[in-house]
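Asker: Need the 3D shape of this:
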Amino acid sequence: MDETRHECAGPHASRRGFLKLSSTLTAWGLLGGGTLSSLAAAEALTKAQRDAMTPEDILATMKKGNERFRKGLREETRSFLAQQRASANGQHPAAVLLTCIDSRAPAETIMDLGIGDIFNSRVAGNVSNDDILGSMEFACKLAGAKVVLVMGHTACGAIKGAIDNAELGNLTGLLARIKPAVSQTAYTGDRTSKNYAFVDAVAKKNVELTIADIRRRSPVLDEMEKAHAIVITGAMYNLETGVVDFFPLGPTAVGK
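Answerer: Numbering: from 1, shown residues only. Below is the predicted model:
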């Protein structure tokens with residue numbers, strides 16, 4: 001049996017560990033109804049399962065999922081239809097993501113996640129604004145998500161546009177949110193959008209600044225992180241290799 005796909009040694013292991021900490025737990029959206037066998041087969045993330053995981057467990061699950069994605073070993077026990085049905089009357093996502101709208105970087109796919117696993121806010125350049133911050137506060141404070149993950153990616157068009165000072169309707173204002181990352185990126189080579197190494201360096205800096213912006217502009221999330229209720233962190237996705245490179249957790253991480 002392939003350990004990558006089927007290991008279930010606890011919440012750290014695989015997607016099966018993510019979704020099935022115990023077959024006796026009531027499936028999401030089906031509280032008080034159905035048989036244990038039918039509930040277990042639903043494979044939708046439950047509140048009990050989510051609450052049993054630490055932020056580190058959740059991040060480990062994402063890393064394992066990305067590893068399966070890169071190897072072409074997607075979780076073969078998943079049924080999206082079963083997840084859709086099981087989650088129709090409720091949801092208990094483990095994390096909230098802020099990612100780019102780039103069609104090549106769909107978070108659920110590249111981390112082998114299913115319906116109901118995460119909240120995902122998508123905007124060009126993965127920048128924050130009041131609406132996204134409010135959405136994150138809902139996800140964590142009210143809905144119980146334990147991880148806030150900002151994920152940028154290589155060869156990002158929004159980053160290139162900010163470097164080039166592009167202007168186009170409402171896009172101009174969006175790119176203005178990225179420009180601080182351009183000026184604050186330490187880089188000694190060619191600082192143009194034609195230099196992909198510089199583009200990627202700016203993209204990473206943009207993730208770092210967005211994380212700082214979330215903490216600064218959302219007292220709700222900042223206080224939750226300081227209380228060790230959530231972790232706010234970042235990642236970079238490589239379009240060519242398929243690798244999601246997660247940032248090291250800082251001193252405010254749960255258990256630190």
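
Asker: For the stretch 151-256 of the chain, give me the ranges with low pLDDT.
Answerer: 251-256 (pLDDT under 70).

Asker: ok, which stretches of it are helices?
Answerer: 157-163, 171-184, 196-217, 219-226 (DSSP state H, counting those that start in this stretch).

Asker: Pick the most deeply packed of those.
Answerer: Highest mean neighbour count among those (mean count of other CB atoms under 10 Å): helix 157-163, with a mean of 23. For the C-beta atoms, the positions are set from N, CA and C on the backbone; glycine is no exception.

Asker: Just checking the distance from that helix to the centre of its chain.
Answerer: Computed by CA atoms, centre = their mean, to the nearest Å, the chain-centroid distance of helix 157-163 equals 22 Å.

Asker: Mind listing residues that contact that helix?
Answerer: Helix 157-163 is contacted from outside by 100, 102, 124-125, 152, 171, 174-176, 178-179, 181-182, 191-193, 198-199, 202-203, 206, using CB atoms under 8 Å, 6 or more residues apart in numbering.

Asker: Assess the claim that residue 144 and residue 47 are in contact.
Answerer: Yes: using CB atoms under 8 Å, residue 144 makes contact with residue 47 at a distance of 7.1 Å.

Asker: any common contacting residues for these two?
Answerer: Both residue 144 and residue 47 are in contact with residue 92, where contact means CB under 8 Å, 6+ apart.

Asker: Nearest to residue 117, out of the helices of the stretch 151-256 of the chain?
Answerer: helix 219-226 (19.9 Å; CB to CB).

Asker: The closest one - contacts with which helices or strands?
Answerer: Using 3 or more CB pairs under 8 Å, 6 or more residues apart in numbering; DSSP states H and E, the elements in contact with helix 219-226 are helix 130-137, helix 196-217, strand 231-237.
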